[in-house]
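[1] Give me the fold of what follows.
(one chain, ligands or ions: 1)
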Amino acid sequence: MDNATFGSHAFSIKGSILYAIAASILYWIAIGIYRVYLHPLSKFPGPKLAALTFWYEFYHEIYPHRLRYMWKIEELHKQYGPIVRINPIHLHIHDHAYFEKIYASGSHKRDRCRWFMHAGGKTMAGKYSSMLETMDHDLHKARRNAAAPFFSKRRVHAITPLIEDKVRRLLARLEDTDGRIVDLNNVFAALGMDVVTEYCFAECTNSLDSTEYGKTWLDIFHNATPIRSLGRQFPTLINTILDLPPRFVEKLHPSAAGMASMNTFNENMKATIEKIMRYEDDGKRQTVFHEIREAEKLSDKDKEPWRVSSEASVLLGAGTETTSRTLAVTTFYLLQNEQCRMKLIEELRAAMTRDGGVSLPQLESLPYLSACVNEGLRLAHGISSRQPRIATEADLQYKQWTIPRGTPIMQSIYLLHMDPIVFPDPFSFRPERWIEDKGLTKYLFSFGKGNMSCLGMNLATAELFICVALLFRTMELQIVDTVEERDVLTTRDAFIGQSDPSSQGINARIIRAVSD
Ligand code: HEM
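    Next up, the predicted model:
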C-alpha cells in the first residue's frame, strides 16, 4: 500500500467516525426538539428535562439516588399540579377521584406499558410472560380468566381450614421459640409461601418448618425486584445478562442472582406442569394448573408448560412478599400501640375462643379487626409503584386535559395512601379512621382496581383476617430491636415498597401464649 492510498484510508475512517458522531448528535438534537416541543405530550406540565430525556428518571431511580423517583414525583405534583409529564412518554396523575378511570374494568380496554414492565425481558417472572407481564388487554384477559375461578371468594372460603391450619402451625412454632427473637417478615413469608404452594401447586414448601422460615425466598424476591428499574433503561443489557448460565449470573450481583433463582424455580415447576398438562398426574389434588388446563378460551400455546410456569413464580412472588409485609407492618403497629391492641383483643375475646370456632365471614364482620386490616394494608402499600395503563381505543379526559389514546398514564398507590387530604396524619396507625368514615374504603387501593387488579385479593384478605385474629387472640408478643424509620417505613420503591437497605427486619419476641 503506498502512502497516498494509506493516507486516504486513514482520512476516510476518521471522516466516517466524525460523520457518525455528527449524525448522532443531530439525531439526538432532533429527538430532543421533538420530545419537548412537538410531542403530543409537550403541552402537559412538568420539568423540561424530564420531557427531554429518560436520564432524569435514571438520576432519581438508579444513580446517584436509588429507587427514589416516586418521592421526586410527589414533589413534582406539589410544583406542577395533579397531572405531570414525568419522562418523555409517561403522564403521572395524583387524584383519588381519577383512579378508577385509569384502572378501568369491564369492556374499557387498557394495556400495560411495555417500556415500564420491561416486557419480553426476564426481570420479574422468568423468561415468558405471566398475566402480570402481559401488555395486551385481550391476551391478558384470556390468561387471567383461565386462572381466575381458582381465586374466587367461594373457592377461597372453602380453603379456610387450610389457611387456619398453616396459621396454627406458625403459632406453634412461635410458642416453641423460648423467648428467642424472630423477624416477622420471614415468619409471615413462610406462612404466605406454605399457603400459596399448598393451595395453588399442591406441593407445599414447608417453610414454616424451616429454621429460617421464608427468608431465602424473601431475599431472592427483594434482591430481584430492584433490577426492574435498570431493565427499563437498559433492556438489552439486562436480557443479555439473564441469558447467561444461572451459575455465572449468580456471581454478578445479588439482583441478577435473584432473577436467576426465579428462573430456576420456573424450570423446576415446569416438570410438574408438564405432567398435569398431559393428564399424566394422579389428579387427586386440584391445582391452579388444572384450572388453566381446562380453560376453553385459552390458546394451546398459552397452555405450554414454559408459559404456565411463569404464572407459578408470579403467584409465589406476589402471594408471599405483599402478604408477609402487610402482616409484619400490621403486627408492628398493633404491638406498638397499646390502646389499639387492647381494643382489638377485647373484640376478639368477645367473638371467639382461643380455639377459633368462627368462620371467615364472621371475622370479616368484626369492625375493629377490619379497621386494623385496612390500616395495615394502607401502611404496608403492597405494590407501591406507579402502574401505567394505556387506553388504546379512546382519548381520556382529565379536567381540562385531553390525554391522547396510546399514552401511558398512571398513579402511585403509595402517594395516594399517604395523602394527608384523604388520610389526615398519614404516617400514624389509626384504625379508627375506617370506622369514623365508612366511605374511606373506596380510597384503599392496595389491591389495585379494574381488569388487572390483584387476582389473589380474596386469598390475601383471608390470610390477613385469620392470621391477625388468631395471633392476637392467642399470643403475647413484644417488638424488639426495630426502628420504625429504618425497618418499617417504605423508603424505596422497587415495584413493591421496601424499607431502608440497612434494615434489620421487624423483630419480635414471644412473651407467652394467652390462656383463656
Ligand atoms: C396483601 C397482599 C397483596 C397485595 C397488597 C397485592 C397487590 C396487588 C396489586 C396492586 C396488583 C396489581 C398490579 C398491577 O396493577 O399491575 C396485584 C396483582 C396480582 N396479584 Fe396481588 N397482592 C397481594 C396478594 C396476592 C396473593 C396472595 C396472590 C396469589 C397467590 C396475588 C396474585 C396476584 C396476581 C396473579 C396478580 C396479577 C394480576 C393480573 O395481572 O391480572 N396477590 N397484586
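[2] residues in the stretch 401-516 of the chain within reach of the ligand, list them.
    Where proximity means C-beta under 6 Å from any ligand atom, the interface of the stretch 401-516 of the chain facing the ligand comprises 446, 447, 448, 452, 453, 454, 455, 456, 459, 460. Every residue, glycine included, has its C-beta placed from N, CA and C.
[3] Would you mind listing which of these are buried?
    Applying 16 or more other C-beta atoms under 10 Å to those, the neighbour count classes 446, 447, 448, 452, 454, 455, 456, 459, 460 as buried.
[4] What is the nearest of those residues to the ligand?
    Using C-beta to the nearest ligand atom, residue 456 comes nearest to the ligand of those, at 2.0 Å.
[5] looking at it, that closest one is touching residue 319, isn't it?
    Yes: under the criterion of C-beta atoms under 8 Å, residue 456 lies in contact with residue 319, with a separation of 5.4 Å.
[6] pLDDT below threshold where in the stretch 51-200 of the chain?
    119-128 (pLDDT under 70).
[7] Around the ligand, which positions in it sit nearby?
    Residues of the stretch 51-200 of the chain lying close to the ligand (C-beta under 6 Å from any ligand atom) are 131, 132, 144, 196.
[8] make it 8 Å
    Taking C-beta under 8 Å from any ligand atom as the criterion, the neighbours of the ligand within the stretch 51-200 of the chain are 103, 112, 130-132, 134, 140, 143-144, 147, 151, 192, 195-196, 199-200.
[9] Just the ones of these in strands?
    Nothing among those maps onto strands, per DSSP state E.
[10] just to revisit the earlier point, which member of the buried ones among the residues of the stretch 401-516 of the chain next to the ligand is positioned nearest residue 375?
    Taking C-beta to C-beta as the measure, residue 446 is the one of these closest to residue 375, at 10.9 Å.
[11] so who does the closest residue in space to that closest one that isn't next to it in sequence touch?
    For residue 446, ignoring the flanking residues on the chain, the nearest one in space by C-beta to C-beta, 6 or more residues apart in numbering is residue 377 at 4.2 Å. When contacts are counted by C-beta atoms under 8 Å, 6 or more residues apart in numbering, residue 377 is found next to 326, 330, 444, 446, 464.
[12] Would the helix or strand in which the first one is found count as contacting the ligand?
    Using DSSP states H and E, residue 326 sits in helix 305-336. Yes: part of helix 305-336 sits near the ligand under the criterion C-beta under 8 Å from any ligand atom, namely 311, 314, 315, 316, 318, 319, 320, 322, 323, 325, 326.
[13] Go through that helix and flag the buried ones.
    Using 16+ other C-beta under 10 Å as the test for burial, helix 305-336 gives 305, 307-335.
[14] need the next SSE after that helix, C-terminal direction.
    Proceeding C-terminally, helix 305-336 gives way to helix 338-351 as the next helix or strand, assigned by DSSP H and E.
[15] buried sites along that following helix?
    Buried positions in helix 338-351, judged by neighbour count with 16+ other C-beta under 10 Å: 340, 341, 343, 344, 345, 347, 348, 351.
[16] how close does the last one sit to the ligand?
    Which is residue 351. Shown here: residue 351 relative to the ligand, a distance of 23 Å by C-beta to the nearest ligand atom, to the nearest Å.
[17] Report the contact partners of that residue.
    Going by C-beta under 8 Å, 6+ apart, residue 351 touches 358, 362, 363, 366.
[18] Check residue 41 too.
    For residue 41, the contacting residues are 51, 85, 88, 89, 91, 404, 407, by C-beta under 8 Å, 6+ apart.
[19] And the buried ones among those residues, selectable in PyMOL?
    For selection in PyMOL, the members of the contacts of residue 41 meeting the burial criterion (16+ other C-beta under 10 Å) are listed in this command:
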select buried, resi 51+85+88+89+91+407
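[20] I'd like the contacts of residue 41 laid out as CSV, including distance to residue 66.
    As requested, the contacts of residue 41 are exported to CSV (distance: C-beta to C-beta, whole Å):
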residue, distance to residue 66
51, 23
85, 23
88, 22
89, 23
91, 24
404, 33
407, 28
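[21] Can you pick out the most distant pair from the contacts of residue 41?
    The distance between the two most remote of those (C-beta to C-beta) is 14.9 Å, for 51 and 404.
[22] And the helices in the stretch 1-150 of the chain, which stretches?
    Under the criterion DSSP state H, counting those that start in this stretch, helices of the stretch 1-150 of the chain are mapped to 3-33, 48-52, 55-61, 69-80, 99-102, 114-117, 137-147.
[23] quick one: contacts for the residue most central in space within the chain?
    If you average the C-alpha coordinates of the chain and look for the closest C-alpha using C-alpha atoms, centre = their mean, you land on residue 383, 3.7 Å from that point. When contacts are counted by C-beta under 8 Å, 6+ apart, residue 383 is found next to 322, 413, 448, 495, 496, 497.
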